[in-house]
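K.L.:
Generate coordinates for the sequence data below:
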Amino acid sequence: MFDDIFGPKCERDFYDELCTRGPDAFSNFIMVLKSAGYYEIADDLQIKKDNEQVPVYYKMDSDPFIGYCLIIMNQEFDKKKCYREGCQVDAVALKNLFEKLKYDVQIEWNKEGDQMMSILKKFSEKTEFKNVDSCIVYILSHGGQLQNLDYILGTDLERVYKQDIYSMFNNKNCNLLIGKPKIFFFQACRGELLDYGVSKNSCACDANHNTNNQSSPDWVNVSSLKFDKDRIVEMKYPYCSDMFIVHSSLPDHKSWKNHLAGSWLCQDLVSVVSEHYDKYDLATMMTFVNSKQIVRESADGCKQITHFEQVGVTGLLQFKRSKKGATSSKTS
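P.N.:
Next up, the predicted model:
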């Protein structure tokens, strides 16, 4: 085995492959070496890894699906003035995108607050998660913020708090996804503030950007390892980890959609990920999305920019890696 690691003909093969097998593969291998008494080899490998700073990728090659995707689409509300135009366009675009990425997609339409919670809880308890590498939750609705807590509205205008959603997928409540990426997208306003932008040359917004007369806001006013001499202690995970969260707008701000083309975030996300999913990780692709978002502007001069969060992330998330890239975690 050690010839495979250090032998001159394949010095890089085993080591490189190990670094691509998920965020815990290398640590687990070091643990095995130490438990077998090979402390010097384990230390040499650890030093090698630390010096090279090799990027680690989450494992994303389960078959036939790399994960399950739940989309909740609220279009029709108890108050007619809250009707959300453009949802059908978003639904088709997102379904096509995530199926292209090899997700099993489930779409739920027009759910009240308690129905949303029930659907999310049932989804978080899927036994099939043991067979896949990730999950996606994408919710499109109206939303807002109360006492610094973001919420999404059900069709009955009842609040569903994002923190309650995250809790369903933490490592205690969703242990089949421990160490696996959990990706959340929220297309909804997070408050009432409007972003009119700032010109580079003045404090006033330069309105000479792309405008769209049919845009409207999505808002309604309502791990470490432990060792001792004789045994290995099981690796533990923090309460919450491996979460990627994308909000369509900044805290306290409205977000925007087009009545014909769909939400701004959905349009740009689908465009970028469809083209680059096999070349770049999610965080990098979100910078491409922001480059598109930053030039958008509503008819009355309002702007929008996404808010991307990572909670306890331990690796890069790439939906598909080329065969060449999959054998090495090196970047050129």
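K.L.:
Residue 41 against residue 33, yeah?
P.N.:
Yes. Counting by C-beta atoms under 8 Å, residue 41 does reach residue 33; the two are 5.7 Å apart. The way it works is simple: take the backbone N, C-alpha and C, and place the C-beta from them, glycine included.
K.L.:
Looking at these two now, which is surrounded by more residues?
P.N.:
Higher neighbour count among residue 41 and residue 33: residue 33, with 21 against 16, using other C-beta atoms under 10 Å.
K.L.:
Where do the helices of the protein begin and end?
P.N.:
With helices called from DSSP state H, the chain shows them at 2-6, 13-18, 25-35, 39-52, 87-100, 113-124, 162-168, 264-276, 282-293, 323-326.
K.L.:
For residue 237, find the nearest of those helices.
P.N.:
With C-beta to C-beta as the criterion, residue 237 lies closest to helix 25-35 of these, at 11.8 Å.
K.L.:
where does the stretch 151-300 of the chain have low pLDDT?
P.N.:
202-235 (pLDDT under 70).
K.L.:
can you pull out the strands in it?
P.N.:
For the stretch 151-300 of the chain, the strands defined by DSSP state E, counting those that start in this stretch occupy 159-161, 182-187, 215-217, 226-227, 232-233, 243-247, 256-258, 262-263.
K.L.:
Format the ones you listed as CSV; extra columns: distance to residue 102 and mean neighbour count.
P.N.:
Formatted as CSV, the strands of the stretch 151-300 of the chain follow (distance: least, C-beta to C-beta, whole Å; neighbours: other C-beta atoms under 10 Å):
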stretch, distance to residue 102, mean neighbour count
strand 159-161, 28, 18
strand 182-187, 14, 24
strand 215-217, 32, 19
strand 226-227, 36, 12
strand 232-233, 35, 12
strand 243-247, 17, 20
strand 256-258, 27, 25
strand 262-263, 23, 24
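K.L.:
what are the C-alpha coordinates of stretch 299-318, in CSV please?
P.N.:
Provided in CSV are the C-alpha atoms of stretch 299-318 (Å, rounded to 0.1, in the frame of the first residue of the first chain):
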residue,chain,number,x,y,z
ALA,A,299,-37.8,50.7,-14.7
ASP,A,300,-37.7,53.1,-11.7
GLY,A,301,-33.9,52.6,-11.3
CYS,A,302,-33.8,49.9,-8.6
LYS,A,303,-30.9,47.5,-8.3
GLN,A,304,-30.4,44.0,-6.8
ILE,A,305,-27.4,41.9,-5.7
THR,A,306,-27.4,38.4,-4.3
HIS,A,307,-26.2,37.5,-0.8
PHE,A,308,-24.2,34.3,-0.7
GLU,A,309,-23.5,32.5,2.6
GLN,A,310,-21.5,29.4,3.5
VAL,A,311,-22.0,27.8,6.9
GLY,A,312,-19.4,25.2,8.0
VAL,A,313,-18.2,24.5,4.4
THR,A,314,-15.2,22.3,4.2
GLY,A,315,-14.6,22.0,0.5
LEU,A,316,-15.5,23.3,-3.0
LEU,A,317,-18.8,22.3,-4.5
GLN,A,318,-18.6,21.5,-8.2
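K.L.:
got a list of what residue 151 touches?
P.N.:
Applying C-beta atoms under 8 Å, 6 or more residues apart in numbering to residue 151 gives the contacts 143, 144, 145, 159, 160, 161, 162.
K.L.:
Distance-wise, check the spatially closest residue to residue 136 that is not a sequence neighbour relative to residue 92.
P.N.:
Nearest non-adjacent residue to residue 136, counting by C-beta to C-beta, 6 or more residues apart in numbering: residue 69, 4.1 Å away. Residue 69 sits 14 Å away from residue 92, going by C-beta to C-beta, to the nearest Å.
K.L.:
Compare these two and say which is more crowded by neighbours.
P.N.:
residue 69 (25 against 13).
K.L.:
give me the beta-bridge partners of residue 145?
P.N.:
Assessed by DSSP bridges, residue 145 has beta-bridge partners residue 150.
K.L.:
Using the record's assignment, carve the chain into domains.
P.N.:
14-51, 67-191+240-311 (the TED database).
K.L.:
can those domains go into JSON lines with extra columns for distance to residue 197?
P.N.:
Listed next are the domains of the chain as JSON lines, based on distance: least, C-beta to C-beta, whole Å:
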{"stretch": "domain 14-51", "distance to residue 197": "38"}
{"stretch": "domain 67-191+240-311", "distance to residue 197": "4"}
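K.L.:
Any idea which of those gets closest to residue 198?
P.N.:
Comparing the domains of the chain under C-beta to C-beta, the one sitting nearest is domain 67-191+240-311, at 9.0 Å.
K.L.:
tell me how far that closest one is from the chain's mean position?
P.N.:
A distance of 9 Å separates the centroid of the chain from that of domain 67-191+240-311, by C-alpha atoms, centre = their mean, to the nearest Å.
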